[in-house]
Structures are given as structure tokens and as C-alpha cells.
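Participant: Please work out how this folds:
(2 chains)
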Amino acid sequence: MMALRTAATGMAAQDLNVDVISNNIANMNTVGYKKQRAEFEDLLYQDIQRPGSQSSDTGTIVPTGIQVGAGVKTGAVYRIDTSTTPTQTGNQYDLAINGTGYFQILLPTGETAYTRAGNFSVNATGQLVTVDGYQVQPAITIPQGTTSVNISQTGLVQASVAGATTPTTVGQLTLATFFNDAGLEATGNNMFMQTAASGTPTLGDPGANGIGSVTQGYIESSNVDPVSEITALIVAQRAYEMNSKVVTSADQMLSTTNAMKQ
Amino acid sequence: MDNTLYVGVSRQMILQRELDVTANNIANSDTTGFKVESLMTSPDPESPPNVIGNPRPIQYAIDHGMARDFSQGKLTQTGAPLDLAIDGQAFFTITTADGDRYTRDGRFTIDPQGRLTTQAGDLVQDASGGAITLNPQGGAPSVGRDGTVTQSIPGATAEAVIGKINVVRFDSLSSLSKQGAGLYANTASSAPQPAPDAYIHQGMLETSNVQPIIQVTDLIRITQAYQSISNLISSTSDLSNQSVQRLGAVQ
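Facilitator: Next up is the predicted model:
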């Protein structure tokens, strides 16, 4: 009886589904986090009678064969890149992207990572860095004695230095866009790396054709919707239970078979 | 006398297979584009005209095919630009190493050359049978209701038309053979036809059309039927035991 193994694949799939949902709920308050979803596909089929096989010498064929499936497997864990409303923080180094685009971050390994989390700060030498201390690209250095920093919607960074009447331009932020965001590889710490599936990044100033604009004093909250996650959790748990009912039914049938011979 | 046993066993074998099919439906209740299946059973041979005086032939239960319910699954929004769902009775055409395959599962991605592929890396066909090659430097592709793919190319003012996704329908859906991973093969000699009445939705996926309540009710029905056939076989066996004992008893 295949049903026992088929149900086991179903239970394993729902197990993974719960893992993904729990990660979403755990990251409900992570800045710039994008919710994920597990996607499944059916396993191989056993041909008991192939559709299209001949059923007589005169050439009649079986219209619908009998194919019994062997269960389910995980196809992909998907990231859902819907945008959220930015949350006000008032911090002058907090940046939210309104629309598509990623900030570029220089990793200690020399590679460039991409992030939607704009909760930046300034390090000891005045460089704009992430919470992990990695430099934001293109490098922006805030001069000594700066009283306030203004970052425009188009990413122009201006510093008001004590004693000067006009603010000084200290840099221009650029954003990277990808034509398939879902193909980016998540590496933790809110960072993404480019892959063959994401395509190469297109760099541009915020607000320019199709690229999102930057809002200072706001951060992007995660797009996890607690209600839909809890609903998904209930559905996953019920699906798990239903698969276990198949195991029970198969077991009952086998024990019925055993009971026939007393 | 043994006929009851054999008829009972023929039914039990089918019930076991029905359980396998139901198990697969339940396991795939969350699979994108999955279509629910059930086993079709009938008496074999079919009942002949009843002639008075003639003995009726023994009828066994056999499964003669698989019924697949191709009704539309619900569309859920994912927001990913390469997630496509079909609204209507049609399939995407995929080029695989074994020939053309058809699917309702529109979770596509791109390969390093920028070609639109399935998650397994097989090419998605355009209307002329070729691949759909996107420009990796271009903007996010946009897919129209009829499957036309357009993309903004840096430097160009108008959106460039990349191609048209090949969406086809079949005269007879029963000739499709399942290959796993959401793919179907065409076993009929007739080629699939273009499906202008099916619409593509970008950023959406089609869920399976499995209805849990029906599957669970099926589980109950299958176990109960199995149990009752088992009782039938037991009582027949008891009857034959008793007859051996009574008839064989030395008076």
C-alpha cells in the first residue's frame, strides 16, 4: 500500500510549511523583512495502465489510464516582495525605500550585498554603515562637527556643519533594481546576494525611472501580516492532521486484512 | 462457493488503490496547479441482458481509469513578476529533454542567459516554439492577459515586446499523462490548439483544486467499505468451514 508513504511525504511537506510560517512570524518586527512561502509540487506517478496504450489488436486505445501519484515534494521557498507602509522613527539616518530598489552594502569579503533595511548609523570615522558596521555604497562620509543631515527623496545627502550657513553636499545614494527580485538569495542579516536568476543589478538615483524614492526618518517594516500567517498556520496544521488521518486509514485497512485470518 | 471470496478481493484491491489516490490528493492539497483525481470503477464484465433460466455471470469490480477534475483552482497573489497563473482551460508549454510538456504551474524563473524557465530549468515556450529571452539589464517584465511579455530596456523609450507565452488547450483532457512536478505529456495524436479564451494573470499562482472535506469523507468511505468486504469474506469463509464440518461429519 503506497498510501502510507504518500501520506508521510504530505506530512513532511506540511512540516516544512510550518517552519517557513514560524520564520515569518519570528521576523514580524524585522526591518525590511519579506515574508516567505513554501511551494510544493507533485512527485512521480506510477503507471498502472498508461493512457494511450493499446487495448486491442484493432488499435483501440485506453482513453484515461490509471496513474497513481507518490506524494508531494517541496518545489521552492518563495519570497513575496510586496511593499509596506514605512514606519516613522525620526532618526535622521533611517531610510525607507518607497517603491522598488535595494541599498548596496559592501561586505567585509569585498562582495556587494543588497538590502531593504535602511536603519543605518554612522561609525567612528563618520562613514554611513549598517547596524553590523558594513559600509553603505557608494561610500558616504559625514564630516566632523555636523549638526544635522538631510537626505532628499532623490538620495542627495547634505550635511549642515556648525558655523557654515549653507549645507554641504557629502554624497549621492544610488539604489539597485533587479528584474527578478524573487531570484535574489537571502543570506541573513537582512542581506540579499545577486544570483543568475535575479539578473544583474541596474543602478540609478532614487526617484529616477521606475526606481523608488528615499524617505528620511522612516524605516520599512516587514510585510508579514500576522492574521494571514496565523491562518496559514491553521491550514498547515489541519493539512498535517489530514495526512495523518490517511496513515490511520491505511493502518486500519491493513489491520482489517490481518484480522481476516484468525 | 469461492466466487464470493474472489469478488470481495477484487473490490478490496481497488479500495487499496483508491486509498493511494486519496492519499496523493491530500498530500498535494497545497501544490500549485495540482488537479484532484479519483479512480473510476465499474463491474466487469458489464451486465448482460438477463435471460430467464440462464445463469448470470459473476461480476468483478475493476478500475478502468482515472478521473481528473480540471476545474479552476483559486488564484492567490504572490507579487513576484515571474509568477503566472492561467484563468481558463489551458496550459503553459514547456520544452523538456523528453519533448514538449504542459503545465498549469506558473512559478517561473530565469536562467543565466535570461531565458524564462520552470523551477527545474526547462524552457517556457513562446508562440513560435522558441524560448522567451528577457534582457537581464532591463526592468521587471510585464505579462499581459494574452501572454505578451514586455520589458523596459535601458535607453529605449517604449517598452520592448519580448514574445508571447504559448498557452494551449486540448480537445480531450483525458489523453494527458502525468509526469510529476506538475507536468503533463500529450498521449493523443492530435496537437494542442492555441487558447485565446484563457487569460494569464501576472504575480499570481493557481492553488490546487483539492477539497479537503471530500477527501476526508472518501477516507471514511474507503475504510468502511474495506471493513464490510472483509466481514463478507469472513462470513463466507465461516460458512464454508461449517459446511465442511457438517457435511463431512460421520453419522
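Participant: what about the helices in chain A?
Facilitator: Under the criterion DSSP state H, helices of chain A are mapped to A:3-26, A:226-260.
Participant: likewise chain B?
Facilitator: B:3-27, B:212-248.
Participant: Mean pLDDT, mean neighbour count and distance to B:Pro112 added to those, as JSON lines?
Facilitator: (C-beta placed from N, C-alpha, C; glycine too.) Converted to JSON lines, the helices of chain B look like this (pLDDT from 0 to 100; neighbours: other Cβ atoms under 10 Å in any protein chain shown; distance: least, Cβ to Cβ, whole Å):
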{"stretch": "helix B:3-27", "mean pLDDT": "90", "mean neighbour count": "22", "distance to B:Pro112": "33"}
{"stretch": "helix B:212-248", "mean pLDDT": "90", "mean neighbour count": "14", "distance to B:Pro112": "40"}
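Participant: so which of those helices comes closest to A:Gly183?
Facilitator: Closest approach to A:Gly183 among the helices of chain B is made by helix B:3-27 (28.0 Å; Cβ to Cβ).
Participant: hmm, back to that, columns distance to A:Ile230 on top of the helices of chain B, output as JSON lines?
Facilitator: As requested, the helices of chain B are exported to JSON lines (distance: least, Cβ to Cβ, whole Å):
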{"stretch": "helix B:3-27", "distance to A:Ile230": "22"}
{"stretch": "helix B:212-248", "distance to A:Ile230": "18"}
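Participant: For B:Ile110, which of the ones you listed is the nearest?
Facilitator: helix B:3-27 (29.6 Å).
Participant: ok and the closest one relative to helix A:226-260, angle-wise?
Facilitator: 160 degrees (axes from the mean of the first three to the mean of the last three Cα atoms, to 10 degrees).
Participant: how about helix B:3-27, does it get close to chain A?
Facilitator: Yes. Helix B:3-27 lies within reach of chain A by Cβ under 8 Å from any Cβ of the partner chain, at B:Gln12, B:Leu15, B:Gln16, B:Arg17, B:Leu19, B:Asp20, B:Val21, B:Thr22, B:Ala23, B:Asn24, B:Ile26, B:Ala27.
Participant: Give me the helices and strands touching that helix, please.
Facilitator: helix A:3-26, strand A:66-69, helix A:226-260, strand B:37-44, strand B:60-68, helix B:212-248 (3 or more Cβ pairs under 8 Å, 6 or more residues apart in numbering or on different chains; DSSP states H and E).
Participant: With respect to B:Leu183, which of those lies nearest?
Facilitator: strand A:66-69 (12.5 Å).
Participant: Any residue of that closest one touching chain B?
Facilitator: Yes. Residues of strand A:66-69 are located near chain B by Cβ under 8 Å from any Cβ, namely A:Ile66, A:Gln67, A:Val68, A:Gly69.
Participant: which other residues reach that strand?
Facilitator: A:2, A:6, A:42-51, B:17, B:20-21, B:24, B:27-28, B:37, B:39, B:63, B:65-66, B:177-178, B:180 (Cβ atoms under 8 Å, 6 or more residues apart in numbering or on different chains).
Participant: on that earlier part again, okay, the helices of chain A in CSV with mean neighbour count, distance to chain B and mean pLDDT next?
Facilitator: Formatted as CSV, the helices of chain A follow (neighbours: other Cβ atoms under 10 Å in any protein chain shown; distance: least, Cβ to the nearest Cβ, whole Å; pLDDT from 0 to 100):
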stretch, mean neighbour count, distance to chain B, mean pLDDT
helix A:3-26, 20, 3, 93
helix A:226-260, 16, 5, 90
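Participant: can you redo the ones you listed as CSV with distance to B:Glu206?
Facilitator: As requested, those are exported to CSV (distance: least, Cβ to Cβ, whole Å):
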stretch, distance to B:Glu206
helix A:3-26, 18
helix A:226-260, 17
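Participant: quick one on the thing from earlier: quick check on the contacts of strand A:66-69: which are buried?
Facilitator: When the contacts of strand A:66-69 are checked for burial by 16 or more other Cβ atoms under 10 Å in any protein chain shown, the buried set is A:2, A:6, A:42-43, A:45, A:51, B:17, B:20-21, B:24, B:27-28, B:37, B:39, B:63, B:65-66, B:177-178.
Participant: Out of the helices and strands packed on helix B:3-27, which is closest to B:Leu173?
Facilitator: Of all those, strand B:60-68 comes closest under Cβ to Cβ, at 7.0 Å.
Participant: what is the orientation angle of the closest one with helix B:212-248?
Facilitator: Using the same axes, to 10 degrees: strand B:60-68 against helix B:212-248 is 170 degrees.
Participant: Tell me how many other residues surround the nearest residue to B:Phe170 once chain neighbours are set aside.
Facilitator: Once flanking residues are discounted, B:Phe170 sits nearest to B:Pro192: 5.4 Å by Cβ to Cβ, 6 or more residues apart in numbering or on different chains. Neighbour count of B:Pro192, defined by other Cβ atoms under 10 Å in any protein chain shown: 19.
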